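*Asks:* 3D, please:
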Amino acid sequence: MIERESIISIKNVSKRFGDVVTAVDDVSLEIMEGEFFALLGPSGCGKTTLLRMLAGFEIPSEGTITIDGMDMEGVDPNRRPVNMVFQSYAVFPHMRVFDNVAYGLRVTGVAKAEIKERVEEALGLVQLDGFGSREPDQLSGGQRQRVALARALVKRPRVLLLDEPLSALDAKLREAMQLELVRLQQTVGITFIIVTHDQDEALSMADRVAVMEVGKVRQIAPPSDLYEYPASQFVADFIGKMNLFEGRVISSRGGVLQVTISGLGDLEVPYDGDASGDIGIAIRPEKLRVSVEQPAQACICFPAVLDNVAYHGSESHMFFTTDSGAQLTATVQNATRTNARSTHGQRLWVSWIPGDTLILTE
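*Replies:* Below is the predicted model of the structure:
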């Protein structure tokens, strides 16, 4: 694996608005050169404020931000080695595509011949070759977003900042643009930092994701680690769907944790760490198995009544109530074309492998 060097260092950064609101609370993290990094979290978690501090549009109340080896204190936005793509595209409606992309070069005095070369290169990167003479109102939403990307890339920044860049697009186009952004980042090789509240967007694009809550970073990890090994109940519940229960440790020895769980009773699950007192117990819906007969293999299983089935084309979400009153959701793949339907009120068995149980101590 190639070792990457840090291009952005954020150390103990906080941002307060007045005496009441702390938008970013003592955040420290490193972003590597050439990395696709995502800031993910619900509205109001501080992710956009952190991005705006990187861009220079907000000033940290405390802490330091270093970009490409240079302390950003007192450095104006136009002097930073970054460029930003906004949620609203911000494409100038009265300018042709070529002039939109060339604008930043012209205001900084780049020679005309170089402007033409760099604009054509940027339009090629976003697959808009031949679109230079078009007006913005002749473009689709996805094409306007590509113009905004080209305008940012034409200045050859060291870091590209993307603030919810796909939120204005419809679902199908948004998915296509996710793939396009990954291709673009790999092509140009610069660092991309994207802010999003859409977990699917972050997981599908980023090399690493920082999950934020109320101004703090709760976990930084590659997408698969975030999903399979969340560090807290907040991250487990925010990333994907989850069956989440409150539990209490009875004993812990020999790599086996004995817990009692509200609505499920006493269980034994493998666990190598230290745990005591109150904990969270979680199981992903796709880890659950549904069967008519009680499973013969060693697993955790419960008889349950099927309350409802939500059909989602490629998969179905099945909602159960166990005999002890616990609510469980299972995700099953619709792998075959069949008319067989599970019925409301049907008694079935819901089970999972003990090793798929997540123990959450935070």
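*Asks:* can we go C-alpha only for contacts and neighbour counts from here?
*Replies:* Noted.
*Asks:* mind checking pLDDT for residue 312?
*Replies:* Reported pLDDT at residue 312 in the predicted model: 86.
*Asks:* Likewise for residue 89?
*Replies:* 69.
*Asks:* Kindly report the same for residue 337.
*Replies:* For residue 337, pLDDT reads 69.
*Asks:* do residue 207 as well
*Replies:* For residue 207, the model assigns a pLDDT of 96.
*Asks:* Residue 27 now?
*Replies:* Reported pLDDT for residue 27: 97.
*Asks:* What of residue 3?
*Replies:* Residue 3 carries a pLDDT value of 64.
*Asks:* do the one 10 residues further on as well
*Replies:* Note on residue 13: pLDDT of 97.
*Asks:* Who does it form a beta bridge with?
*Replies:* Residue 13 forms beta bridges with residue 27, as assigned by DSSP bridges.
*Asks:* what comes into contact with the helix or strand residue 186 falls within?
*Replies:* With secondary structure defined by DSSP states H and E, residue 186 is part of helix 171-188. The contact list for helix 171-188, computed with C-alpha atoms under 8 Å, 6 or more residues apart in numbering, reads 36, 125, 126, 142, 166, 167, 191, 192, 201, 204, 205.
*Asks:* rerun that using 10 Å as the cut-off
*Replies:* Residues outside helix 171-188 that contact it (C-alpha atoms under 10 Å, 6 or more residues apart in numbering): 34-36, 125-127, 141-142, 145-146, 149, 153, 156, 160, 165-169, 189-192, 200-202, 204-207.
*Asks:* Among those residues, the buried ones, what's the PyMOL command?
*Replies:* Burial among the contacts of helix 171-188 is assessed by 16 or more other C-alpha atoms under 10 Å; the matching PyMOL selection reads:
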select buried, resi 34+35+36+125+126+127+141+142+145+146+149+153+156+160+165+166+169+190+191+192+201+202+205+206+207
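*Asks:* Select from the contacts of helix 171-188 every entry located in strands.
*Replies:* Those of the contacts of helix 171-188 mapping onto strands are 36, 160, 191, 192, per DSSP state E.
*Asks:* now these as CSV including distance to residue 311?
*Replies:* Formatted as CSV, those follow (distance: C-alpha to C-alpha, whole Å):
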residue, distance to residue 311
36, 34
160, 39
191, 39
192, 36
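*Asks:* where does the stretch 251-362 of the chain dip in pLDDT?
*Replies:* For the stretch 251-362 of the chain, residues meeting the criterion pLDDT under 70 lie at 337-341.
*Asks:* how about 80 then?
*Replies:* Within the stretch 251-362 of the chain, the ranges that satisfy pLDDT under 80 run 273, 296-298, 335-343.
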